[in-house]
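The sequence and its predicted three-dimensional model are supplied below.
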Amino acid sequence: MVDFSSAVKLDSREQHFRFPGPRQGLSLFLRFLPSPRPEPRPRRAVLYIHGATFPSALSIAHRFDGRSWRDALNDAGFDVWALDFYGFGHSDRYPEMDQPAAGNAPLCVAEDAVEQVAVAVRFILGHQNLDRLSLISHSWGSMPASLFAAKHPALIDRLVLFAPIARRPPRRYEQPAAFPAWRIVTLEDQWSRFVEDVPAHEPPVLSRIHFEEWGQRYLDSDPESRLRDPSGVQTPLGPFSEIIKAWHGRLAYDPAAVRCPVAIIRGEWDGLLPDEDARWLFDAFIHAASKRDIKIGRGTHLMHLETMRFALWRESIDFLAGEDVAPIPA
């Protein structure tokens, strides 16, 4: 069993927490960066829920040219937490990840992940003596985040869904494919994801230099990554399997069950969330206290690591700090 217990601090103020998760014998990892700004109002906390292929250190906490999304939230007065799900980053690996991938069902599906979110949220609220917090999710992370918001409305202030996955109509005579428990994701796989949705006539939205730096940190997230040929990170396939199910008519949660304010933030070139998908999702949050659909030009599904990341940061902060709360429908 590989030791994933040690984590390098990405900031001198960063705090790390490891605690028992919902699965017996397996621990979860949280990183925390408290805001340095004294505020007259009560402290406000945000928990980041990552997507299908890389953990918190490579997303909200990763610094390009010395600055991250987490830093921007901190400067706006938010305490920022970030969870690594089982099988990602510095949380424990599923025992099934030591077994052949074909021998088990996909790992880290939303019903499993939402229990991990629940443990993390209660830990955070207890640690900071807060009544509620806000969630920011990316891509597949919108599924466990929205599930949690629906199940525990009293604990959630606001919900940011960055590049979420939406439901598409069922496909007649076609069932979603079956997937193994895990797969190896290489740097070439990730690079393809970063560039595939940028129109051919447009300049890049991510520099190769930035990607090379990010890629080395990505390989660092799995101690065995560089022992493979080609180098790659072992990744649970539950998230990807649920994306495919959503595109066959089976979304892992019901948006109508979410009652807190919701913001959908997406890029113009997000191939996983075209306009028709975003429109369906926005309309499906029929009981949200307030809702926004924000589309940012020249952004893809991975906009938080691209040139338009600053616009994403500003829009998320504006929503989280806002007071546009309508009465919750009866």
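That came in fine, so what should we check first? Numbers count the residues shown, from 1 in each chain.

All the helices of the stretch 151-300 of the chain, in order from the start?
187-195, 208-220, 238-246, 275-284 (DSSP state H, counting those that start in this stretch).

Quick one: low-confidence residue ranges for the protein.
1-5, 38-41, 325-330 (pLDDT under 70).

same thing but 90
1-7, 36-43, 171-177, 322-330 (pLDDT under 90).

What residues sit buried inside stretch 245-261?
Neighbour counts over stretch 245-261 (16 or more other Cβ atoms under 10 Å) mark 245, 246, 247, 248, 251, 252, 253, 255, 258, 259, 260, 261 as buried. Every residue, glycine included, has its C-beta placed from N, CA and C.

Pull the most distant pair out of those residues.
Maximum pairwise distance among the buried residues of stretch 245-261 (Cβ to Cβ): 29.6 Å, between 248 and 261.

how near is the spatially most central residue of the chain to residue 163?
What sits nearest the mean C-alpha location of the chain, by Cα atoms, centre = their mean, is residue 50, with 2.2 Å. Going from residue 50 to residue 163 by Cβ to Cβ, to the nearest Å gives 12 Å.

same check, this time on residue 276
Distance from residue 276 to residue 163, by Cβ to Cβ: 15 Å.

do the same with residue 6
For residue 6 relative to residue 163 (Cβ to Cβ), the value is 31 Å.

Now do the same contact list for residue 89.
4, 7, 29, 50, 55, 56, 57, 221 (Cβ atoms under 8 Å, 6 or more residues apart in numbering).

Look at it and tell me its secondary structure.
coil (DSSP: H, G, I helix; E, B strand; the rest coil).

Residue 293: neighbour count?
Per other Cβ atoms under 10 Å, the neighbour tally for residue 293 reads 17.

Let me see the contact set for it.
264, 266, 278, 279, 282.

re earlier: list residues touching both of residue 50 and residue 163?
Counting by Cβ under 8 Å, 6+ apart, the residues touching both residue 50 and residue 163 are residue 138.

Regarding residue 30, what is its secondary structure?
strand.

so how many other residues sit close to the residue nearest to it when sequence neighbours are not counted?
Once flanking residues are discounted, residue 30 sits nearest to residue 17: 4.5 Å by Cβ to Cβ, 6 or more residues apart in numbering. Using other Cβ under 10 Å, residue 17 has 16 neighbouring residues.

OK, contacts around residue 17?
29, 30, 31, 32, 123, 127.

Apply 10 Å and report the result again.
Counting by Cβ atoms under 10 Å, 6 or more residues apart in numbering, residue 17 touches 27, 28, 29, 30, 31, 32, 81, 83, 120, 123, 124, 127.

Please work out how many residues are found near the fifth one.
The reference is to residue 31. With other Cβ under 10 Å as criterion, residue 31 counts 26.

surely it meets residue 62?
No - using Cβ atoms under 10 Å, residue 31 makes no contact with residue 62, being 11.6 Å away.

can you list residues touching both of these two?
10, 56, 70.

thought the second one was touching residue 16?
Right, the one you point to is residue 56. No - checked against Cβ under 10 Å, the pair residue 56 and residue 16 is beyond contact range at 11.0 Å.

tell me, what's touching these two both at once?
By Cβ under 10 Å, 6+ apart, residue 56 and residue 16 have these common neighbours: 29, 30, 31, 90.

Which of these sits closest to residue 37?
Of the shared contacts of residue 56 and residue 16, the one sitting nearest to residue 37 (Cβ to Cβ) turns out to be residue 31, at 19.1 Å.

Relative to residue 56, how far out is the closest one?
6 Å.

can you map out the helices along the stretch 1-150 of the chain?
69-75, 110-128, 142-151.

winner for burial among those?
With neighbours defined as mean count of other Cβ atoms under 10 Å, the helices of the stretch 1-150 of the chain peak in mean count at helix 142-151, which reaches a mean of 26.

where's it relative to the chain centroid, distance-wise?
How far helix 142-151 lies from its chain's middle: 12 Å, per Cα atoms, centre = their mean, to the nearest Å.

next one: stretch 141-160
Relative to the mean C-alpha coordinate of its chain, stretch 141-160 is positioned 13 Å out (Cα atoms, centre = their mean).
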